[in-house]
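Participant: My questions concern the predicted model and sequence given below.
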Amino acid sequence: MDQQILQIDSADWHVSHPNQTWISALEAGKLLYFPKLTFKLTPEERRFLTPAVLDPKSRNISLNADGELKGALGDAAEQVALAEMVGRFRMQAQDLIASLLPAYSEIVRLAPTSFRPMQVETRAQSWRADDKRMHVDAFPSRPNYGERILRVFANLNPDGEARVWRVGEPFEDVAKRFLPKAKAYSRWQAQVLKALHITKSLRSEYDHLMLQLHDGMKSDLAYQSNGPQVTMPFAAGSVWVCFSDQTPHAVMSGQYMMEQTLHLPPTKQYDPSASPLAILTRLTGRNLI
Ligand code: SIN
Ligand code: FE
């Protein structure tokens, strides 16, 4: 299981040489861990390392693609400084991905950048929303038709506290385990969900199956405790990257993290046959979108 994580010793956000081994590993659903790569805060920015910056109504602080900051408390000057900090992480995360995966630079679509100042262990959530249970990312209200979810994470903890994850088995193994238990797709139900605005667009069979895998994993307590997995402490001052729609993951503890999501079409990957859409299409023998 240790092979699910590949360590890269770059201390620079601009990786000097793209490396096919790393590209293939990432597209195979492995997680790339950069223990020496640090998102640096200025001394003034350290004041933002407190849960008090978060509006209690929000889960995270986020910076939209158009530069709008959401979820933060504080006066105008503080909001500008916070947006500048989150924006700098966005630039560095984009630089990392562009240098690591040059073919992605033209095709990625930027999602909001988020700063998560809350202590993970204190969050109480329903089982379905609980990211302490191992899962692959899939979103009930936003069908994505196989579009990839590539994420860059940085642990900013000032007290040396790791962000501890569990990382699970390869996606194809997850799919083979949980597809037989998945409820059948109903186009009629998908149309009702759309008409009621529960989904923003028609939920495709791909989106349905991804949610079934997500829920199947999270609701299976035996799988949560005994399924193939490794516990992985991401050190304070480190960075990691994975396709979170493909790499089973759970967050167990930690506080203060940056996260950047980038979306890309699965057909534009280096190896399109490695995508969850391609794997699920192959395993079901059906066109899923
Ligand atoms: C998740 O993506 O499931 C949570 C990641 C984290 O908060 O570390
Ligand atoms: Fe997740």
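Facilitator: Yep, it's here. Ligands and ions are numbered 1, 2, ... in the order given.
Participant: what comes up buried for stretch 42-52?
Facilitator: 48, 49 (16 or more other C-beta atoms under 10 Å). Quick note: C-beta positions are derived from backbone N, CA and C, even for glycine.
Participant: Then stretch 11-25?
Facilitator: Within stretch 11-25, the residues that count as buried by 16+ other C-beta under 10 Å are 13, 15, 22, 23, 25.
Participant: Could you let me know which of those residues ends up closest to residue 93?
Facilitator: Of all the buried residues of stretch 11-25, residue 13 has the smallest distance to residue 93: 7.9 Å, by C-beta to C-beta.
Participant: okay, the buried residues of stretch 11-25 in CSV with secondary structure and distance to residue 192 next?
Facilitator: Converted to CSV, those look like this (DSSP: H, G, I helix; E, B strand; the rest coil; distance: C-beta to C-beta, whole Å):
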residue, secondary structure, distance to residue 192
13, coil, 46
15, coil, 47
22, helix, 43
23, helix, 41
25, helix, 41
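Participant: Next to ligand 1, which bits of the protein? Give me the list.
Facilitator: Residues of the chain lying close to ligand 1 by C-beta under 6 Å from any ligand atom are 116, 131, 163, 244, 249, 251, 257.
Participant: Kindly indicate which of these lies nearest residue 281.
Facilitator: Taking C-beta to C-beta as the measure, residue 281 lies nearest residue 244 of the residues of the chain next to ligand 1, at 20.0 Å.
Participant: give the contact list for the closest residue to the closest one other than its chain neighbours.
Facilitator: The shortest distance from residue 244 to any non-neighbouring residue, by C-beta to C-beta, 6 or more residues apart in numbering, is to residue 137 (4.2 Å). Counting by C-beta atoms under 8 Å, 6 or more residues apart in numbering, residue 137 touches 149, 214, 244, 245.
Participant: For the residue nearest to the second one when sequence neighbours are not counted, give its distance to ligand 1.
Facilitator: Looking back up the chat, that one is residue 214. Closest residue to residue 214 apart from its sequence neighbours, by C-beta to C-beta, 6+ apart: residue 138 at 4.2 Å. Residue 138 sits 11 Å away from ligand 1, going by C-beta to the nearest ligand atom, to the nearest Å.
Participant: Now do the strands in the stretch 151-289 of the chain.
Facilitator: For the stretch 151-289 of the chain, the strands defined by DSSP state E, counting those that start in this stretch cover 163-168, 229-234, 239-243, 249-253, 257-264.
Participant: Now tabulate these in a markdown table and tack on mean pLDDT.
Facilitator: Shown next, in a markdown table, are these (pLDDT from 0 to 100):
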| stretch | mean pLDDT |
| --- | --- |
| strand 163-168 | 98 |
| strand 229-234 | 97 |
| strand 239-243 | 98 |
| strand 249-253 | 97 |
| strand 257-264 | 98 |
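Participant: highest average neighbour count across those?
Facilitator: Highest mean neighbour count among these (mean count of other C-beta atoms under 10 Å): strand 239-243, with a mean of 25.
Participant: Dump that one to CSV, restricted to CA.
Facilitator: Written as CSV, here are the backbone C-alpha positions of strand 239-243 (Å, rounded to 0.1, in the frame of the first residue of the first chain):
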residue,chain,number,x,y,z
VAL,A,239,2.5,19.9,0.1
TRP,A,240,0.7,17.0,-1.5
VAL,A,241,-1.2,16.6,-4.7
CYS,A,242,-3.8,14.0,-5.8
PHE,A,243,-6.8,13.4,-8.0
